[in-house]
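**Student:** only geometry, no sequence info:
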């Protein structure tokens, strides 16, 4: 049952989204491990192909509809194009800039979504409280990755712009998902998105990675299974379900936790250092998210822009 559009998330929804963010934090490590033996675009294509197969089984078990009338099919086509776009832009951009910069720019998407939601999602205004909370969380994220944002003398403008464009495409993806409401089953959304991404990324890999090889080592297979079944098939389906039933702005704000979990897992599994400055950044992210998802007073519903003529 769908809740009021801009209510703070309940405990169940919050816990579920935190679990998804923890899974995506582990995906940072899984991607690093997988790229030791496989090229990026090819491994991404394989990942989404396996996701498609898993969701076909899931859809059959749930008897979820996969075919829809033209209005919903058109939405699925648009979502699939955006899904492919933000994955491609992220992979291409991350290869052209420092990992810390890529993380900060890509996870600026909650800010993009909050601004877009103000105009395109009814009853999800960008209040002063939510705006300050999002900026505080983004500031914490910058502090968290501050030591990894240097790039020496290498130019990074192109890479930064590609990753930032991917973040914007992802925000648009989530806005359209919310506007579509519950007309399309979350499993169907992710299945068609994954199939389209697998085919398009496969073509890109064939065109640009033809001289690279795949080594299906135990770690590469484990990485693929984690990314396809747990991170994508489960994580993205749950995200879409949460967006359909809650405030998109409040759900996506919690995505700031994914890189926090990524830093923690890198420290735990890859033995990377965890400094006091990074812990300060974690505290900033958590405080910002508390501000975003806590309930404000009615006076705080005054939006940053008094008129939103495009909203509807």
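**Tutor:** Good, I have the coordinates. Predicted model only: the values in this text are computed from it and were never measured. Numbers count the residues shown, from 1 in each chain.
**Student:** Name the spans of the chain whose pLDDT lies under the cut-off.
**Tutor:** Across the chain, the ranges flagged by pLDDT under 70 are 1-6, 149-155, 270, 295-312.
**Student:** can we see that at 50?
**Tutor:** Applying pLDDT under 50 to the chain flags the ranges 1, 4, 297-312.
**Student:** Which parts of it are helices?
**Tutor:** 11-34, 40-62, 70-94, 99-106, 109-120, 128-144, 157-179, 186-208, 218-225, 235-245, 248-253, 257-269, 276-293 (DSSP state H).
**Student:** Make JSON lines from these and add mean neighbour count to it.
**Tutor:** The C-beta positions use only the backbone N, C-alpha and C, and glycine is treated the same way. Supplementary listing: those in JSON lines, determined by neighbours: other C-beta atoms under 10 Å:
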{"stretch": "helix 11-34", "mean neighbour count": "19"}
{"stretch": "helix 40-62", "mean neighbour count": "20"}
{"stretch": "helix 70-94", "mean neighbour count": "18"}
{"stretch": "helix 99-106", "mean neighbour count": "22"}
{"stretch": "helix 109-120", "mean neighbour count": "23"}
{"stretch": "helix 128-144", "mean neighbour count": "21"}
{"stretch": "helix 157-179", "mean neighbour count": "20"}
{"stretch": "helix 186-208", "mean neighbour count": "20"}
{"stretch": "helix 218-225", "mean neighbour count": "16"}
{"stretch": "helix 235-245", "mean neighbour count": "21"}
{"stretch": "helix 248-253", "mean neighbour count": "27"}
{"stretch": "helix 257-269", "mean neighbour count": "19"}
{"stretch": "helix 276-293", "mean neighbour count": "18"}
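**Student:** any idea how far the closest residue to residue 204 other than its chain neighbours lies from residue 265?
**Tutor:** Closest residue in space to residue 204, ignoring its immediate chain neighbours: residue 41 at 5.0 Å, by C-beta to C-beta, 6 or more residues apart in numbering. Separation of residue 41 from residue 265 (C-beta to C-beta, to the nearest Å): 24 Å.
**Student:** Same question for residue 8.
**Tutor:** 28 Å.
**Student:** repeat for residue 241
**Tutor:** Distance from residue 241 to residue 265, by C-beta to C-beta: 25 Å.
**Student:** which residues touch residue 229?
**Tutor:** By C-beta atoms under 8 Å, 6 or more residues apart in numbering, the contact list for residue 229 reads 50, 51, 54.
**Student:** Relative to residue 266, how far out is it?
**Tutor:** Going from residue 229 to residue 266 by C-beta to C-beta gives 22 Å.
**Student:** ditto for residue 279
**Tutor:** For residue 279, the distance to residue 266 equals 14 Å [C-beta to C-beta].
**Student:** Likewise for residue 51?
**Tutor:** Distance from residue 51 to residue 266, by C-beta to C-beta: 24 Å.
**Student:** same check, this time on residue 106
**Tutor:** Distance, residue 106 to residue 266, by C-beta to C-beta: 16 Å.
**Student:** One more: residue 105?
**Tutor:** Per C-beta to C-beta, residue 105 is found 19 Å from residue 266.
**Student:** same deal with residue 218?
**Tutor:** Counting by C-beta to C-beta, the gap from residue 218 to residue 266 is 20 Å.
**Student:** can you give me how far stretch 107-121 is from the chain middle?
**Tutor:** Remark: stretch 107-121 is offset 13 Å from the chain centroid, using C-alpha atoms, centre = their mean, to the nearest Å.
**Student:** Likewise for stretch 179-192?
**Tutor:** Centroid separation for stretch 179-192 versus its chain: 16 Å, with C-alpha atoms, centre = their mean.
**Student:** Can you give me every residue that contacts the spatially closest residue to residue 83 that is not a sequence neighbour?
**Tutor:** Nearest non-adjacent residue to residue 83, counting by C-beta to C-beta, 6+ apart: residue 193, 3.9 Å away. Shown in contact with residue 193 (C-beta under 8 Å, 6+ apart): 76, 79, 80, 83, 84, 236.
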